[in-house]
Every structure is written in structure tokens, then in C-alpha cells.
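[1] 3D model of this:
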Amino acid sequence: MTAVTKTDFTAETSQSWSNTLKDLDPKVFLEKFWSKSTRSDGRLFSMCRRTRMTRGILKLRTAGSSLIQLGNTQVVCGISLLVGQPSIPNHGDLVVTLDHTECSIPLQSILMDMLDLSCLALGESQAWRLQVTLQVLENDGNLNDACLLAAVAALIDTRLPPTQKNSQTGRIEIIESSTTSSDDDDDEGALLKWKYIPVPLTVGIYVADDDDETFLLADPTEEEEPLLQGYLTIVVKVDKDSSNEDEKPTIVHIQHSSTTRGLKREDLAVGAHMAYGRYKEIRELLS
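    Down below sits the predicted model:
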């Protein structure tokens, strides 16, 4: 029989008690970590989970695609192309499809503002429409950030195929490639033109019962989200033509929701500081 040392027993008992507390009273379990300025997964309040970005994962049926892994949260995005009559002459448009109510930010308006939609024009009467389809593969919290990052990465990956106008019908037709699929196909087609790259950061807001302490948790997990009293999502950007890497990003979107109190000025200041740091992390992934 294998002997169990006192140290082993103590460690096993401690882990078992921790798991029991987590199941019986998640609030007490998480507050034990938060009171020590840390979290149950080992992160500090200002730290996001490891972010992985893979572009071009759906090559056969999309013009652009991506997979975002934000910790255990996974979102895939595919861009498909349609030709139609534009609502604004010499401009295309963009439509977002996402069947998930937990993503609450206005994805479509942010993405349309990011792009130079004139690059989608195919003359005055016809233009490209970008169909942005997002699918949540696994939700472990913070779908706002994961969905926007997935859409941005897929749009950066998108190529517009060469076209020609049919002299008989007047319709725009895609010029099919005469070569078989190869690694060189990644260079075919025109890249989209964008004005800036938006980078989001969602911060969870938790106020202790005695109202003496407020915790701001960057990139909250599914475990943390039910206990939060509110959220703050900040989207920042640096202009496309800026060559200064140290330039401070500009806030282009702020969204706040709370069930207990309004947004305090100090909360916004801390959240903005976290968002500026997050921009530097994501910029390296997108480069």
C-alpha cells in the first residue's frame, strides 16, 4: 500500500475544500481571491487571458476567416461576398450575423466605421456586400471582445476577387482563377481598405457588499460574470496612417451596463488605462 504523507494529505484536503466552497458558494470563493487582488485562475485584475488569433482557417468557402481563442472562449468568423445595388452610390456595405445574445456591443456599426466602404464599389450601381458570420464554438466569458476581435481578424484576412462586367447582362461577374488552389492563392485579390483597427476591452465591475471596495476585472470569465454588477466595454483605435507606435489610442466606443450604480469617473479612468495596454497586445497579434 502506498503511504500518504501529511503534506500530500493536507494539499489534497485543501484542494477538495476549495472545490467544495466553489460549488456551494461561488461568491465567497471568488471574493477570497479578489480580496487579495488576484483571481481564481491566477491573473491579476488588469490581465487578460491568453489570446490566440488564427487567420485563414476557412479557405474554401469564404473570402476571409479567423478563429479567436480568448482563454477557453472560442469564436470563428467567416466573410462571404455578395454583389448588389448599394444604398449609397460608390460604397458597399456590411452585415453581421451572430446568433448569440450575450454579445451586446454594436458590432456592425463599429466594423462599418473601421472600413473604407468605398473600396467595395463596383461602379455606381453595384457594390460588394460583406456578410460577416460569427459562430461561438465555446463560451467561457467575454463574448464582446472575442466576437469583435474575430470579425476584425477575418476582415483583415479578406481578399476581394477580380471582377468584370458582362457586356450582355450588365452584371458584375467574378473572374475565376485558371490555376488550381495553392499556397500562392493567399496573395490573390485585393485587400480591404480600413481607416483604423478597433481593439476592445471588457471590464467586469464588482462592488463588495459593504460598498467599501470596487473590483475591476479585465476580460471576465463565465465563472466571474454571474457575480458582476456591471460591465464596461471600451473600444480604442489608432489611425491607420499613424507611424508613432507610442501614440496614445483614441476611444471610439464606450458601453456601460450596471444593475446597481452608475459609472464612476475613476472606473472609466482605470478601464481606459487597461484598454490602452490591451491595444499594444492585440496590435502585435494583428501585425
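[2] Could you list the buried residues of the helix or strand harbouring residue 75?
    Using DSSP states H and E, residue 75 falls within strand 73-84. Neighbour counts over strand 73-84 (16 or more other C-beta atoms under 10 Å) mark 73, 74, 75, 76, 77, 78, 79, 80, 81, 83 as buried. All C-beta atoms are positioned from the backbone trio N, CA, C, and that covers glycine.
[3] Just send the residues you listed back as a markdown table, with distance to residue 38 too.
    A markdown table is the format used below for the buried residues of strand 73-84 (distance: C-beta to C-beta, whole Å):
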| residue | distance to residue 38 |
| --- | --- |
| 73 | 21 |
| 74 | 25 |
| 75 | 27 |
| 76 | 32 |
| 77 | 33 |
| 78 | 38 |
| 79 | 39 |
| 80 | 43 |
| 81 | 46 |
| 83 | 53 |
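[4] With respect to residue 281, which of the residues you listed is nearest?
    Nearest to residue 281 out of those is residue 73 (C-beta to C-beta; 16.0 Å).
[5] now the closest one, which residues is it bridged with?
    Residue 73 forms beta bridges with residue 70, as assigned by DSSP bridges.
[6] now the one 10 residues further on
    Partner residues in beta bridges with residue 83, using DSSP bridges, are residue 128.
[7] check contacts around it.
    122, 126, 127, 128, 129, 171, 172 (C-beta atoms under 8 Å, 6 or more residues apart in numbering).
[8] on that earlier part again, okay, the buried residues of strand 73-84 in TSV with pLDDT and distance to residue 135 next?
    Formatted as TSV, the buried residues of strand 73-84 follow (pLDDT from 0 to 100; distance: C-beta to C-beta, whole Å):
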residue	pLDDT	distance to residue 135
73	98	13
74	98	9
75	97	7
76	97	5
77	98	8
78	97	8
79	98	13
80	96	13
81	94	18
83	89	24
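[9] Using PDB, write out every CA atom in the strand holding residue 75.
    Written as PDB, here are the backbone C-alpha positions of strand 73-84 (Å, rounded to 0.1, in the frame of the first residue of the first chain):
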ATOM      1  CA  THR A  73     -13.700  31.200 -25.200                       C
ATOM      2  CA  GLN A  74     -13.600  30.400 -28.900                       C
ATOM      3  CA  VAL A  75     -15.300  32.300 -31.800                       C
ATOM      4  CA  VAL A  76     -14.900  31.600 -35.500                       C
ATOM      5  CA  CYS A  77     -15.700  34.200 -38.200                       C
ATOM      6  CA  GLY A  78     -16.200  33.800 -41.900                       C
ATOM      7  CA  ILE A  79     -16.600  36.600 -44.600                       C
ATOM      8  CA  SER A  80     -18.700  35.800 -47.600                       C
ATOM      9  CA  LEU A  81     -19.200  38.200 -50.600                       C
ATOM     10  CA  LEU A  82     -22.400  39.200 -52.400                       C
ATOM     11  CA  VAL A  83     -22.900  41.700 -55.200                       C
ATOM     12  CA  GLY A  84     -25.900  44.000 -55.100                       C
END
